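Asker: My questions concern the predicted model and sequence given below.
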Amino acid sequence: MSTLVGSFAILKNPDIMSFMLKGACFTLLLAVVSITASLGVASVLALVRNYCTRPAERVFRWAATAYIELFRNTPLLFWIFIGTVFFPAPGVRRILGLSSVETKLLFKCTIALTIFESAIIAEIIRGGLNAISKGQFEAGYAQGFNIVQVMWYIILPQAFRKIIPTLMSQVITIIKDTSFMANVATIELMARVNKVLGGAAMYNGTGTINVSDVFVLFGFAALVYFVINYSLSCAIRHVQANLEKVGDSEPVADVPANVEMAK
């Protein structure tokens, strides 16, 4: 019982709690940056794989397909280790209170997570694109739009609307996947929990690391992940309920009036 009380005393230490909560903030920062970058890369990959069908364009389609299949069918942890060793990092100094080494590791891990998740998100977006009828393209061309305007104002908005629930589920997965970064000593939540656990003997009053320390510290990390991801899950259910009310009927191509028509 005394060891359990000592384990909970670790969490009562304001410095340790602040240290781990900052790790949770870095987890969210890592996830947000990776998600944002992945959406951009994935959109390009999905468009290229879906619509580059002409003979002169097939090399781009093959390259996009190879990229997607390579990263979708290999483990994230593999690319994290590859990225740590081989990916370039800018020559930065201290940022956000991190050392230059920690900053470089964070940058490399962000790239690894981005290239891995972009391949998965690309297939999600491609599913949304495949759900758009060809009539939407014809409607855009009939209004004088070129292919870029049709994609930007008509196709992509409808495709993203259709994949919102699936995309949000992948966002939750990305947040959980950031925990893999602890294997290369980055500064996200799990890495900081491991660091606190390594010095638990100095804070629990027993002079040794106890089994209860493991359960308490990792239980705290699990609670933080649960709060974040459960909140997102509730948001997903709300979005799904709204989409069900709207129904599955396809909207008529709605294009901003101030868009200049293609000549």
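Answerer: Received, thanks. Numbers count the residues shown, from 1 in each chain.
Asker: how far out from the middle of the chain is the helix or strand hosting residue 222?
Answerer: Assigned by DSSP states H and E, residue 222 falls within helix 211-246. For helix 211-246, the separation from the chain centroid amounts to 15 Å (computed by Cα atoms, centre = their mean, to the nearest Å).
Asker: for the record, mean pLDDT for that helix?
Answerer: In this model, helix 211-246 has a mean pLDDT of 86.
Asker: List the buried residues for it?
Answerer: 212, 213, 216, 217, 220, 221, 224, 225, 228, 236 (16 or more other Cβ atoms under 10 Å). Backbone N, C-alpha and C define where each C-beta goes, glycine included.
Asker: Which single one of these is nearest to residue 196?
Answerer: residue 217 (6.0 Å; Cβ to Cβ).
Asker: Could you list the low-confidence segments of this structure?
Answerer: Across the chain, the ranges flagged by pLDDT under 70 are 1, 91-97, 185, 246-263.
Asker: Scan it for its longest helix.
Answerer: helix 14-51 (DSSP state H).
Asker: right, and the helix or strand after that one?
Answerer: helix 58-72.
Asker: how close does residue 31 get to residue 170?
Answerer: Residue 31 sits 11 Å away from residue 170, going by Cβ to Cβ, to the nearest Å.
Asker: Show me what the longest helix of the chain is packed up against.
Answerer: Judged by 3 or more Cβ pairs under 8 Å, 6 or more residues apart in numbering; DSSP states H and E, helix 14-51 is in contact with helix 58-72, helix 100-130, helix 156-177, helix 189-198, helix 211-246.
Asker: Now distance to residue 41 too, for these, in TSV please.
Answerer: Formatted as TSV, these follow (distance: least, Cβ to Cβ, whole Å):
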stretch	distance to residue 41
helix 58-72	9
helix 100-130	4
helix 156-177	13
helix 189-198	25
helix 211-246	22
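Asker: Minimum distance to residue 42: which of the ones you listed has it?
Answerer: Across the helices and strands packed on helix 14-51, closest to residue 42 is helix 100-130 (Cβ to Cβ), at 3.8 Å.
Asker: Can you give me the buried ones in the closest one?
Answerer: Buried-residue list, helix 100-130, by 16+ other Cβ under 10 Å: 102-126, 128-129.
Asker: Tell me the helices and strands packed up against it.
Answerer: helix 14-51, helix 58-72, helix 76-86, helix 156-177.
Asker: Columns distance to residue 232 and mean neighbour count on top of those helices, output as TSV?
Answerer: Shown next, in TSV, are those (distance: least, Cβ to Cβ, whole Å; neighbours: other Cβ atoms under 10 Å):
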stretch	distance to residue 232	mean neighbour count
helix 14-51	10	18
helix 58-72	22	15
helix 76-86	19	16
helix 156-177	5	18
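Asker: ok, now which ones touch residue 51?
Answerer: By Cβ atoms under 8 Å, 6 or more residues apart in numbering, the contact list for residue 51 is empty.
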